[in-house]
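1. Coordinates only, no sequence provided:
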């Protein structure tokens, strides 16, 4: 039998010289790449977040390195980063064997970086652009929803508040009507209250008038008196609470009590695509070559209302504007097309019926649909399926939720009565009327031409492989599905760290591939 030979194992052997962490980190290890990049960043605004005096602080550059490298390696919890700083030789090397606790790390992330991280992220983007890894001229825009770290069941709904206020108004009017029946003489003097818009002050004054009248009336219903006493204590406070909630809601339909900036949105919960309402944020990104060049956080679940503020932020932060923007049908609104046209940006942006139009065969298109009616631009009239002119009878102006004005032209047909095509063309009473947004149709025609061009087809294909993978990479590969911070500003920092981690991982992969 051959002699067994083992490598030396002396667990408690004392070394003459201490082991150097520098020798334990490979020369091309990813942690060195992160370290080099962060060392090259200007962090003067971050330094100003630390006030002088008192005890010494951990250096913000060290804390930034530790935090960024943690996100690169799927370590998002401040407690786990603290543990890594004590046990992981990569983190120990980064922080020079300092040991910041989780409170320090979390405070640095949520407070110190709140107003300064955007500048740090932009520096990295410009660095990657200078290396030719991404372009700031051609970008792809898309959004995704992340669930907030908020209670899923402590929600406030705008509709619920509206219904409650209407109920109070209705019951208040009933009490007033009853008081008028019991004591018409006492209430005949002053003007009756206006019940169209209730307020805490108005309700309190009205209830006091009713209470003063019914208090000494022997014929008044005791139950009504008791109700008046009860609502006098409850309703004014309730209405004040409703006003505060409406102020928080703004133009949103809901918010979470434990994270007022989070809105309840429909989110896919599993691979089967089950949709549930969760408190969350709509996170928008611009990408180039799968690098995230800009990110923004929105409380509105609709993508169409986020494009303009997202691009405005892009221009303000990176001090340049994109020349080409590609996005899916969620962004194809008249307001967005108008904005991109004024900014002289080439927009490969679909509208909501574009894909349906491409799949639909010509002979399957209904001749009665408004979009398929022939339009005589010279005479400004449409031709109905029977060959008769539909003349314009006026215009109508609508405002979107963002206060953008849309102008609709109204056209009316003639002699629909007795027309053999009436049952298929128009089932309403009278002559058929159609409303047409000519400006939106013009933008859609331009978008259709661009999207069906050779470059447009290339951009459509590239969009799927450019902006979608970062979301899948963050959510699926790196298991980040729920935000850990609350509030718009803190969520902005957290998603910024995720975006920087995505960019650095790609930078590391390309650097190591080049070195090999």
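-> Looks like it arrived, so ask away. Note that the coordinates shown come from a computational prediction; the quantities given were computed from them, not determined experimentally.
2. for the stretch 51-200 of the chain, what spans make up the helices?
-> 60-72, 78-87, 89-94, 102-107, 117-130, 158-182, 184-187, 200-215 (DSSP state H, counting those that start in this stretch).
3. Can you lay out these as CSV showing distance to residue 276 and mean pLDDT?
-> Where C-beta positions appear, they are placed from N, C-alpha and C, glycine not excepted. Formatted as CSV, the helices of the stretch 51-200 of the chain follow (distance: least, C-beta to C-beta, whole Å; pLDDT from 0 to 100):
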stretch, distance to residue 276, mean pLDDT
helix 60-72, 27, 96
helix 78-87, 28, 95
helix 89-94, 37, 94
helix 102-107, 29, 95
helix 117-130, 31, 96
helix 158-182, 19, 85
helix 184-187, 51, 58
helix 200-215, 36, 79
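4. mean confidence score for the host helix or strand of residue 392?
-> Following DSSP states H and E, one finds residue 392 within strand 389-399. Mean per-residue pLDDT for strand 389-399: 91.
5. Helix or strand next in line after that strand, which one?
-> Where DSSP H and E defines the elements, the next helix or strand beyond strand 389-399 is strand 405-412.
6. what lines up beside that following strand in the sheet?
-> strand 389-399 (antiparallel), strand 433-436 (antiparallel) (DSSP bridges).
7. Tell me which of these is the most buried.
-> Mean neighbour count (mean count of other C-beta atoms under 10 Å) peaks for strand 433-436 among the strands paired with strand 405-412, with a mean of 16.
8. Give me the below-cutoff pLDDT ranges for the stretch 151-300 of the chain.
-> Applying pLDDT under 70 to the stretch 151-300 of the chain flags residues 183-194, 218-219, 269-273.
9. could you redo the last one with a cut-off of 80?
-> For the stretch 151-300 of the chain, the stretches flagged by pLDDT under 80 are 176-199, 209-222, 224-225, 228, 268-275.
10. Just the strands from it, written as ranges.
-> 155-157, 254-256, 263-268, 275-288, 291-298 (DSSP state E, counting those that start in this stretch).
11. what's the closest of the helices of the stretch 51-200 of the chain to residue 380?
-> helix 158-182 (40.7 Å; C-beta to C-beta).
12. Domains in the protein, by residue range?
-> 21-134+506-515, 156-255, 363-448 (automatic domain parsing).
13. Now do the end-to-end distance for the second one.
-> From the first residue to the last, domain 156-255 extends over 5 Å; the measure is C-alpha to C-alpha, to the nearest Å.
14. do the same with the first one
-> For domain 21-134+506-515, the first and last residues are 23 Å from each other (C-alpha to C-alpha).
15. between the helices of the stretch 51-200 of the chain, which gets nearest to residue 465?
-> Closest to residue 465 of the helices of the stretch 51-200 of the chain is helix 117-130 (C-beta to C-beta; 18.4 Å).
16. deepest of the helices of the stretch 51-200 of the chain, which one?
-> Taking mean count of other C-beta under 10 Å, helix 60-72 is the most buried of the helices of the stretch 51-200 of the chain, at a mean of 22.
17. Just want the angle from it to helix 117-130.
-> If you take axes from the mean of the first three to the mean of the last three C-alpha atoms, to 10 degrees, helix 60-72 sits at 70 degrees to helix 117-130.
18. what does the strand holding residue 392 rub up against?
-> Contacts to strand 389-399, defined as C-beta atoms under 8 Å, 6 or more residues apart in numbering, come from residues 373, 376, 379-384, 405-414, 432-435.
19. redo that, cut-off 6 Å
-> Outside strand 389-399, the residues that touch it by C-beta atoms under 6 Å, 6 or more residues apart in numbering are 380-382, 384, 405-413.
20. Taking the residues you listed, please make a PyMOL selection of just the buried ones.
-> To isolate the buried ones among those in PyMOL, judged by 16 or more other C-beta atoms under 10 Å, type:
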select buried, resi 381+382+384+408+409+411+412+413
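21. so, if you compare the contacts of strand 389-399, which one comes nearest to residue 280?
-> Taking C-beta to C-beta as the measure, residue 280 lies nearest residue 406 of these, at 29.2 Å.
22. Enumerate every residue touching the closest one.
-> Neighbouring residues of residue 406 by C-beta under 6 Å, 6+ apart: 398, 437.
23. what do you get for the one 5 residues further on?
-> Each residue near residue 411 by C-beta under 6 Å, 6+ apart is listed here: 382, 390, 392, 434.
24. so the last one makes contact with residue 369?
-> No - contact status for residue 434 versus residue 369: not in contact, 9.9 Å apart, counting by C-beta atoms under 6 Å.
25. What about residue 10, how many residues nearby?
-> 6 (other C-beta atoms under 10 Å).
26. still on that earlier bit, out of the helices of the stretch 51-200 of the chain, nearest to residue 298?
-> helix 117-130 (15.6 Å).
27. quick one: contacts of the closest one?
-> Residues contacting helix 117-130 (C-beta under 6 Å, 6+ apart): 41, 45, 134, 136, 291, 293, 317, 318, 493, 496, 500.
28. Now do it: distance to the chain's middle.
-> 22 Å (C-alpha atoms, centre = their mean, to the nearest Å).
29. ditto for stretch 312-326
-> On the basis of C-alpha atoms, centre = their mean, stretch 312-326 sits 18 Å off its chain's mean C-alpha point.
30. Would you mind pulling the contact partners of it?
-> When contacts are defined by C-beta under 6 Å, 6+ apart, stretch 312-326 is touched by residues 122, 136-140, 294, 296, 345-348, 459, 463.
31. Of those, keep whichever come out buried.
-> For those, a burial check counting by 16+ other C-beta under 10 Å picks out 122, 136, 138-140, 294, 296, 345-348, 459, 463.
32. how close does residue 489 get to residue 457?
-> Applying C-beta to C-beta, to the nearest Å, the value for residue 489 to residue 457 is 40 Å.
33. The two: who's more crowded?
-> For residue 489 versus residue 457, neighbours defined as other C-beta under 10 Å are more numerous around residue 489 (16 against 12).
34. Sticking with the more buried one, tell me its helix or strand.
-> helix 488-515.
35. Could I get the buried residue list for that helix?
-> Buried residues in helix 488-515, counting neighbours by 16+ other C-beta under 10 Å, are found at 489-508, 511.
36. Just list what that helix packs against, helices and strands only.
-> Packing partners of helix 488-515 (3 or more C-beta pairs under 6 Å, 6 or more residues apart in numbering; DSSP states H and E): helix 30-39, helix 60-72, helix 117-130, strand 291-298.
37. What residues sit buried inside the first one?
-> So that's helix 30-39. 30, 31, 32, 33, 34, 35, 37, 38.
38. Specify the local secondary structure of the nearest residue to residue 345 once chain neighbours are set aside.
-> In this structure, residue 345 finds its nearest non-sequential neighbour in residue 325, 5.5 Å apart by C-beta to C-beta, 6 or more residues apart in numbering. Of the three states, residue 325 takes strand under DSSP: H, G, I helix; E, B strand; the rest coil.
39. What score does residue 325 have for pLDDT?
-> Looking at residue 325, its pLDDT reads 97.
40. what's around it, how many residues?
-> Using other C-beta under 10 Å, the number of residues around residue 325 comes to 25.
41. how near is the spatially closest residue to residue 199 that is not a sequence neighbour to residue 76?
-> With sequence-adjacent residues excluded and distances taken as C-beta to C-beta, 6+ apart, residue 199 is closest to residue 239, at 6.6 Å. Distance from residue 239 to residue 76, counting by C-beta to C-beta: 42 Å.
42. I'd like the domains of the chain as CSV, with distance to residue 335 appended.
-> Converted to CSV, the domains of the chain look like this (distance: least, C-beta to C-beta, whole Å):
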stretch, distance to residue 335
domain 21-134+506-515, 26
domain 156-255, 15
domain 363-448, 4
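43. which one of these lies closest to residue 287?
-> Residue 287 sits nearest to domain 21-134+506-515 of all those, at 8.2 Å, using C-beta to C-beta.
44. Relative to the whole chain's centre, how far out is that closest one?
-> Centroid separation for domain 21-134+506-515 versus its chain: 27 Å, with C-alpha atoms, centre = their mean.
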